[in-house]
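*Asks:* Fold the following and give me the result.
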Amino acid sequence: MNGPALHERPSAPAPSWRIALPHTVAAVPVARALVRTALAELEHAADCDTAELLTAELVANAVEHTSGSAPIELVVELLPGGCQVEVHDPDPAPPGDLTRPAGGPPDPWQEHGRGLLLIRTLSSSCGHRPTASGKAVWFRLPAVPRQRCRPR
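*Replies:* Down below sits the predicted model:
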C-alpha cells in the first residue's frame with residue numbers, strides 16, 4: 001500500500017442523561033428541569049423553551065395514557081446538530097396521530113388534544129419505536145446558535 005493509512009477513530013458517544021421518573025404528574029416539572037439543565041452549558045444547544053415544552057407534553061402523555069405504576073424513563077441525548085429527547089413508558093401501543101395529522105384541527109374548547117400537534121409542528125422530527133418493556137416516543141430539535149438556557 002502506498003501512502004499513509006487512514007484510520008477512522010470511533011467517534012465519542014454523544015453526552016446523554018437517563019432518569020427514571022415516577023408515574024405521576026410530579027414527573028413533568030422534574031423532566032423539564034432535567035432538559036433545561038442538560039442544554040444549559042452548550043454554546044449551540046436546541047431551543048430550551050421548545051425542548052421543555054415538548055418534553056412536558058411527552059411525559060404528561062405517558063402519565064395520562066399508560067396505566068400502572070411502573071416508572072417512566074426520560075432520555076436526553078445531545079447531538080452534534082441539536083438534541084433528541086425520548087420518553088419510555090410501559091405501554092407498547094403507539095401514540096395516536098404522532099407522525100400523521102388527525103382528522104382535523106383540535107377543538108379549541110377541549111382541554112386536551114394539542115400535545116402531539118405541538119410535537120409534530122415544533123420538532124424537526126419525531127416518532128416512536130417499540131422497546132423491550134413498552135415503547136419510546138421521541139423528538140429531535142436542531143441546534144440554535146448563541147442561545148443560552150437559563151436555570152429557572
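*Asks:* number of nearby residues for T37?
*Replies:* Per other CB atoms under 10 Å, the neighbour tally for T37 reads 14. C-betas here are computed from N, CA, C, even on glycine.
*Asks:* can you tell me how far it sits from L118?
*Replies:* T37 sits 22 Å away from L118, taking CB to CB, to the nearest Å as the criterion.
*Asks:* And the helices in this protein?
*Replies:* Taking DSSP state H as the test, the helices found in the chain are 27-40, 48-65, 115-122.
*Asks:* what's the closest of those helices to A132?
*Replies:* Closest of the helices of the chain to A132 is helix 48-65, at 16.5 Å (criterion: CB to CB).
*Asks:* now what about the closest one, what contacts it?
*Replies:* The contact list for helix 48-65 (CB atoms under 8 Å, 6 or more residues apart in numbering) reads 21, 23-25, 27-28, 31-32, 35-36, 39-40, 72, 74, 83, 85, 87, 89, 91, 95, 115-116, 118-119, 122-123, 137, 139, 141, 147, 149-150.
*Asks:* what's the pLDDT at the closest residue to V144 other than its chain neighbours?
*Replies:* Nearest non-adjacent residue to V144, counting by CB to CB, 6 or more residues apart in numbering: D47, 5.0 Å away. We have a pLDDT of 90 for D47.
*Asks:* Can you report how many residues neighbour D47?
*Replies:* D47: 19 neighbours (other CB under 10 Å).
*Asks:* what's the weakest-modelled helix or strand in this structure?
*Replies:* Using mean pLDDT, DSSP states H and E, the weakest-scoring helix or strand in the chain turns out to be helix 115-122, at a mean of 86.
*Asks:* same for it, what does it pack against?
*Replies:* If you count contacts as 3 or more CB pairs under 8 Å, 6 or more residues apart in numbering; DSSP states H and E, helix 115-122 packs onto helix 48-65.
*Asks:* who's in contact with the spatially most central residue of the chain?
*Replies:* Nearest residue to the geometric centre of the chain (CA atoms, centre = their mean): V85, 2.4 Å. By CB under 8 Å, 6+ apart, V85 lies in contact with V35, A51, L54, T55, L58, L74, V75, V76, E77, W138, F139, L141.
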